[in-house]
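Chemist: got a structure for you, letters missing:
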């Protein structure tokens, strides 16, 4: 059975748990206790030299990085549904995966880490970036229901958790009504699961 | 003809120029003068609401984000050569694209931005992250010639520019001999092109 090396409060782990659930896949959770530094042990670094969760093990295949895991799961178990294979829609979906890995990670997600776990960051800079990306998302979603392809894809799954968890970082989504509606649509998907804070 | 909205000194633009050249594709460069804020004009924000270069226009298709553009180009023009379509190798290649977008961008690339363009960052933190990722890359490359799949893929193209430009940020690659050899192998690829600093 697939194994997911997991931390419950990690939004990056949640996007993988959510994807596994949306695909109806069975898997085993292997808890990694971040506050005890279990992600930095020699054993764990063999799985992921970056010392981060999540990591997915599927038979002999080991994949690190939440976004890369979404690609792997979509491509292996999701057919065309969650990740189109044609160049144009694939490129469009990819745009948002990198937005999740970079802009969202270093803004809304970083502010949340600061308030929940006392992470040392420049809060002012991160907050400014957070509102910038939320504004961009809100405008984009004002004209469509899903980020790309007129259907839910891994683009939505990748961007969802840290945006939906914004209030953990004391960021209100009230100025972003289209983002709020999109979050509600995701919560209605068959197989949707939540996490603490959602 | 394809148009690349481009800034000459951007490593993210360079990875796209390099990919276009490796694929032997013809394209037109549209210069975007970052110091004049041309990436933040209303007209440019229509192409990319994030206000960043590079952006690729290929007929009606507009793709933002250097890594997403690599995926698009590989999938559309590269066949299986640069991006495998099977789940496992695709996931493995993807891991490094997200490493490029996140860990490399916020370490070696950020330090370079600081020294070249006076970008305000926490240099100490970025330097620490830079050496961490260079060490990981060096170890990974001590056992193989290319990042994944035993051949050059977009994983190598995505990680290459900012690593190879480390000296712009006064970071020596001397402690990382396998990274240095990998850079040399990339420079030997048919179609390789350099940029200022390389």
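Modeler: Arrived safely. Please read all numbers here as calculations on a predicted model, not as lab measurements.
Chemist: check contacts around residue A:14.
Modeler: A:161, A:195, A:198 (CB atoms under 8 Å, 6 or more residues apart in numbering or on different chains). For every residue, glycine as well, the C-beta is placed using N, CA and C.
Chemist: wait, residue A:27 sits on residue A:3?
Modeler: Yes: between residue A:27 and residue A:3 there is a contact at 6.7 Å, judged by CB atoms under 8 Å.
Chemist: tell me if the lengthiest helix in chain A is near chain B.
Modeler: Within chain A, and with DSSP state H defining each element, the longest helix by residue count is helix A:123-141. Yes: Helix A:123-141 lies in contact with chain B when judged by CB under 8 Å from any CB of the partner chain; the contacting residues are A:133, A:136, A:139, A:140.
Chemist: do the same with stretch A:85-97
Modeler: Yes: part of stretch A:85-97 sits near chain B under the criterion CB under 8 Å from any CB, namely A:85, A:86, A:87, A:88, A:90, A:91, A:92, A:94, A:95, A:97.
Chemist: residues in contact with that stretch?
Modeler: Residues outside stretch A:85-97 that contact it (CB under 8 Å, 6+ apart): A:67, A:70-71, A:75, A:83-84, A:147-149, A:153-156, A:158-159, B:61, B:63-65, B:67-69, B:71-72, B:75-76, B:85, B:98.
Chemist: restricted to helices, list these.
Modeler: When DSSP H defines the helices, the subset of these inside them is A:67, A:70-71, A:75, A:154-156, A:158-159, B:67-69, B:71-72, B:75-76, B:98.
Chemist: circling back to that earlier point, other SSEs contacting the longest helix of chain A?
Modeler: helix A:108-117, helix A:154-164, helix A:177-187 (3 or more CB pairs under 8 Å, 6 or more residues apart in numbering or on different chains; DSSP states H and E).
Chemist: which one of those lies nearest to residue B:116?
Modeler: Ranking the helices and strands packed on helix A:123-141 by their distance to residue B:116 (criterion: CB to CB) puts helix A:108-117 first, at 24.5 Å.
Chemist: tell me the mean pLDDT for the closest one?
Modeler: The predicted model gives helix A:108-117 an average pLDDT of 96.
Chemist: make sure residue A:8 is actually in contact with residue A:197.
Modeler: No: distance between residue A:8 and residue A:197: 10.3 Å, which falls outside the contact criterion (CB under 8 Å).
Chemist: tally up the residues packed near the nearest residue in space to residue A:61 that is not next to it in sequence, please.
Modeler: Closest residue to residue A:61 apart from its sequence neighbours, by CB to CB, 6 or more residues apart in numbering or on different chains: residue B:88 at 5.1 Å. Residue neighbour count, defined by other CB atoms under 10 Å in any protein chain shown, stands at 19 for residue B:88.
Chemist: what does chain A put close to chain B?
Modeler: So far as CB under 8 Å from any CB goes, chain A lies against chain B at A:49-50, A:61, A:63-65, A:67-69, A:71-72, A:75-76, A:85-88, A:90-92, A:94-95, A:97-99, A:101-103, A:105-106, A:122, A:133, A:136, A:139-140.
Chemist: buried subset of the residues you listed, written for ChimeraX?
Modeler: The buried subset of the residues of chain A next to chain B, as determined by 16 or more other CB atoms under 10 Å in any protein chain shown, is captured in ChimeraX by this line:
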select /A:49,50,63,64,65,67,68,69,71,72,75,76,87,88,90,91,92,94,95,97,98,99,101,102,103,105,106,133,136,140
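Chemist: and the gap between residue A:29 and residue B:140?
Modeler: 27 Å (CB to CB, to the nearest Å).
Chemist: do the same with residue A:126
Modeler: In terms of CB to CB, residue A:126 sits 30 Å off from residue B:140.
Chemist: run a quick neighbour tally on the closest residue to residue A:178 other than its chain neighbours.
Modeler: The shortest distance from residue A:178 to any residue other than its chain neighbours is 4.0 Å, reached at residue A:141 (CB to CB, 6+ apart). Other residues within reach of residue A:141 by the criterion other CB under 10 Å amount to 21.
Chemist: so what's residue A:141 scoring on pLDDT?
Modeler: Residue-level pLDDT assigned to residue A:141 equals 98.
Chemist: is it correct that it is in contact with residue A:155?
Modeler: No: between residue A:141 and residue A:155 no contact is recorded; they are 11.5 Å apart, counting by CB under 8 Å.
Chemist: what sits in contact with each of these two?
Modeler: If you check residue A:141 and residue A:155 against CB under 8 Å, 6+ apart, the residues they both contact are residue A:147.
Chemist: contact partners for the nearest residue to residue A:22 once chain neighbours are set aside?
Modeler: Spatial nearest neighbour of residue A:22, chain neighbours left out: residue A:191 (4.3 Å); criterion: CB to CB, 6+ apart. Applying CB under 8 Å, 6+ apart to residue A:191 gives the contacts A:21, A:22, A:23, A:24.
Chemist: try 10 Å this time
Modeler: Contacts for residue A:191 (CB atoms under 10 Å, 6 or more residues apart in numbering or on different chains) come out as A:18, A:19, A:20, A:21, A:22, A:23, A:24, A:25.
Chemist: now do residue A:166
Modeler: Neighbour list for residue A:166: A:107-109, A:111-112, A:130, A:134, A:172-173, A:176, A:179, A:183, A:197 [criterion: CB under 10 Å, 6+ apart].
Chemist: okay if I get these as CSV plus neighbour count?
Modeler: Compiled in CSV, the contacts of residue A:166 are given as follows (neighbours: other CB atoms under 10 Å in any protein chain shown):
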residue, neighbour count
A:107, 26
A:108, 30
A:109, 25
A:111, 23
A:112, 25
A:130, 25
A:134, 21
A:172, 9
A:173, 16
A:176, 22
A:179, 22
A:183, 18
A:197, 15
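Chemist: looking at the residues you listed, spot the one nearest residue A:35.
Modeler: Using CB to CB, residue A:112 is the member of those that sits closest to residue A:35, with 15.8 Å.
Chemist: the residue of chain A positioned farthest from its centre and chain B, how far apart?
Modeler: When each C-alpha in chain A is compared with the mean C-alpha position (CA atoms, centre = their mean), residue A:42 comes out farthest, at 25.9 Å. With distances taken as CB to the nearest CB, to the nearest Å, residue A:42 is found 13 Å from chain B.
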